[in-house]
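*Asks:* Following is a predicted model, sequence given first.
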Amino acid sequence: QVQLVESGGGLVQAGESLRLSCVASGRTFSMYSMAWFRQTPGKEEREFVATITWSGGSPFYADSVKGRFTISRDYTKNTAWLQMNSLKPEDTAVYYCAASYTMKLGATSQRDYNYWGQGTQVTVSS
């Protein structure tokens, strides 16, 4: 089992930045990739944001955040981050960290991921 704990959410104004953190514990050696998803009220599916392999390769982003968000990780600290710049009101959501033990590059479906954090709220005011 892998446990994930997110932090770093908050309330910011449009154009500002936030950095989300995700700390992993447990059987982290079994992880192949990590990702960030987000979900807004009323939506059943979580929206893919970004993913990266646990070894640090192959970052992949949703078109809606490309050029503004950066995903990174440090396996020595069992931590992944999502740096979010130039935030927009439409980025408002609960952000979730996810991990997968399946070897699949660029996985963008929530069904591709096996472990999830509890989520952290990001609110961007206009």
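*Replies:* Sure, I can see it. Numbering: from 1, shown residues only.

*Asks:* show me where this protein has helices.
*Replies:* Using DSSP state H, no helices are assigned anywhere in the chain.

*Asks:* From what I see, Arg19 and Gln83 are in contact.
*Replies:* Yes: between Arg19 and Gln83 a contact is recorded at 5.1 Å, counting by CB atoms under 8 Å. C-beta here means a position set from N, CA and C on the backbone, and glycine is covered the same way.

*Asks:* quick one: contacts for the most centrally placed residue in the chain?
*Replies:* By CA atoms, centre = their mean, the chain has its centre lying nearest to Trp36, at 1.8 Å. Counting by CB atoms under 8 Å, 6 or more residues apart in numbering, Trp36 makes contact with Leu20, Cys22, Val49, Ala50, Thr51, Ile71, Ala80, Leu82, Tyr95, Tyr96, Cys97, Ala98.

*Asks:* now with 6 Å?
*Replies:* Contacts for Trp36 (CB atoms under 6 Å, 6 or more residues apart in numbering) come out as Val49, Ala50, Leu82, Tyr95.

*Asks:* Out of the residues you listed, which two sit at the greatest distance?
*Replies:* For the contacts of Trp36, the farthest-apart pair by CB to CB is Ala50 and Tyr95; their separation is 10.4 Å.

*Asks:* for the chain, what spans make up the strands?
*Replies:* Per DSSP state E, the chain carries strands over the ranges 2-7, 10-13, 18-26, 33-39, 47-53, 60-61, 69-74, 79-84, 93-100, 115-116, 120-125.

*Asks:* Any stretches of this protein with poor pLDDT?
*Replies:* Within the chain, no stretch has pLDDT under 70.

*Asks:* Which of the contacts of Trp36 sits closest to Gly10?
*Replies:* Looking across the contacts of Trp36 and measuring by CB to CB, the closest to Gly10 is Tyr95, at 11.0 Å.

*Asks:* who does the closest one bridge with?
*Replies:* Counting by DSSP bridges, Tyr95 forms beta bridges with Arg38, Thr120.

*Asks:* What is the distance between stretch 107-124 and the centre of its chain?
*Replies:* Put simply, stretch 107-124 sits 6 Å off its chain's centre (CA atoms, centre = their mean, to the nearest Å).
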